[in-house]
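S.K.: Here is the input, now give the coordinates:
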Amino acid sequence: MVKIKIHNPKEDRNEPTFRVMLAVQHFFREIGIDFTTSNDYDYLFIGMNDFMNKKLTLEESVDWGSENVEKLGENGDYFLFDGSDSTSIVGGIEVMRNTNPIHYIKNQFLDFDLYNKPCSFGRWFWGEGENNQSYNLTEEDRSKMKLSGWNLGHLQGHLFKKDIPRVSKSIDVCAIFQAEHKENYEHTFRNDIPYTEHRRGVWNTLDKKFNSITDKLPYQEYIEKLRESRVAISPFGMGEICFRDFEVMALKSILIKPGMDIVNTKPNIYIDGETYHSVFYDWSNLNEVIESVLDRNVDVVDRYREMYDTKHLILHYYEMIKNLSGVETE
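M.R.: Numbering: from 1, shown residues only. Okay, the predicted model is just below:
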């Protein structure tokens with residue numbers, strides 16, 4: 001039996017980072033992986049709350065995180081789990097390089113070569129700005145960078161537990177989402193402005209010829225309106241994957257969002273032209289794509305149950321642990 005201890009599993013961003021695996025830990029136990037709270041463990045899982053502080057400058061955060069990880073890792077092997085929303089590796093990759101984790105794990109990465117391109121806050125979709133970051137990833141870096149095997153879709157399973165009857169879809173486009181982000185800083189740089197510009201761009205671009213809804217509603221009313229919509233738009237936020245993506249899929253509307261072809265996640269439910277329809281990040285072809293989808297009466301392809309089966313998550317970690325030298329699972 002392989003014993004894994006999660007450090008501070010309930011602290012801040014650590015909680016959603018480890019929520020899924022702890023919820024199904026009984027299945028992990030069946031394949032020989034046991035989550036323990038004792039100090040008798042084979043591996044320590046360290047969440048981003050213990051190696052990344054976005055309230056500090058990047059340099060200060062990296063110094064603090066590296067020192068903390070070195071202390072936590074004194075008693076054995078460990079993994080770093082970066083639970084941030086986007087494919088950005090800013091603040092995490094530096095700590096990985098300064099320390100010696102077995103793996104640096106995230107829910108989503110870019111194709112590794114794309115990290116060479118400078119972009120604001122390390123987010124490719126924000127382009128270049130005042131806080132550009134880029135990374136030339138070595139082979140050693142790449143060998144340590146692994147997907148977590150889960151993403152926000154795992155937290156939306158309740159929406160797919162039963163088949164939701166189809167209803168008459170009298171609304172063309174649902175574009176209800178938060179667009180105004182409160183003033184917010186990341187490593188002392190303000191990051192709410194590109195978020196707001198992108199999301200408000202939907203409303204500024206959306207053609208008035210469509211029967212659309214954009215006004216904020218109480219959640220249950222929003223869900224009902226979404227269910228009655230033929231098409232729903234899901235912008236990027238601080239990251240590429242949003243809870244809204246899965247609300248749209250579950251309620252059998254057509255998902256339209258910026259292209260996900262360079263985003264690697266597992267499971268990857270984003271199949272352009274099948275499970276969603278991509279548009280440019282600047283929304284310049286939004287109306288064209290909406291019109292095409294509506295005119296062709298595109299149907300919804302449901303791949304959720306197949307792709308988000310818990311067994312895939314369990315096998316993902318089984319293979320990861322099994323491949324470590326000297327470690328055997330049952």
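S.K.: would you list every one of the helices in the protein?
M.R.: 14-23, 25-30, 58-72, 93-98, 139-144, 192-205, 219-227, 243-250, 286-296, 304-307, 310-322 (DSSP state H).
S.K.: Which one of the ones you listed lies nearest to residue 273?
M.R.: Each of these has some distance to residue 273 by CB to CB; the shortest is helix 286-296, at 10.0 Å. In short, each C-beta sits where N, CA and C put it, glycine included.
S.K.: What residues of the closest one count as buried?
M.R.: By 16 or more other CB atoms under 10 Å, the buried positions in helix 286-296 come out as 286-287, 289-290, 293.
S.K.: Over to stretch 13-23?
M.R.: For stretch 13-23, the buried set under the neighbour-count rule, 16+ other CB under 10 Å, comprises 13-14, 17-18, 20-21.
S.K.: Including pLDDT, could these go into CSV?
M.R.: Below are the buried residues of stretch 13-23 laid out as CSV (pLDDT from 0 to 100):
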residue, pLDDT
13, 93
14, 97
17, 96
18, 97
20, 95
21, 94
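S.K.: residue contacts, residue 216?
M.R.: By CB atoms under 8 Å, 6 or more residues apart in numbering, the contact set of residue 216 is 176, 178, 222.
S.K.: thinking again about what came up before, nearest to residue 36, of the helices of the chain?
M.R.: Evaluated over the helices of the chain, closeness to residue 36 peaks at helix 25-30, with 10.1 Å, by CB to CB.
S.K.: so how far is residue 287 from residue 234?
M.R.: Distance, residue 234 to residue 287, by CB to CB, to the nearest Å: 16 Å.
S.K.: so residue 94 touches residue 60, yeah?
M.R.: No - between residue 94 and residue 60 there is no contact under CB atoms under 8 Å: 11.5 Å.
S.K.: More neighbours: which of the two?
M.R.: Neighbours were counted for residue 94 and for residue 60 using other CB atoms under 10 Å; residue 94 has more, 21 against 13.
S.K.: how near is that one to residue 135?
M.R.: Distance from residue 94 to residue 135, counting by CB to CB: 9 Å.
S.K.: got it, and residue 197?
M.R.: 25 Å.
S.K.: These two: which has the busier surroundings?
M.R.: Using other CB under 10 Å as the criterion, residue 197 and residue 135 rank with residue 135 on top: 18 against 13.
S.K.: which residues sit in contact with the closest residue to that one other than its chain neighbours?
M.R.: Of all residues beyond its chain neighbours, the one nearest residue 135 is residue 115 (4.4 Å), with distances taken as CB to CB, 6 or more residues apart in numbering. Going by CB under 8 Å, 6+ apart, residue 115 touches 89, 122, 134-137.
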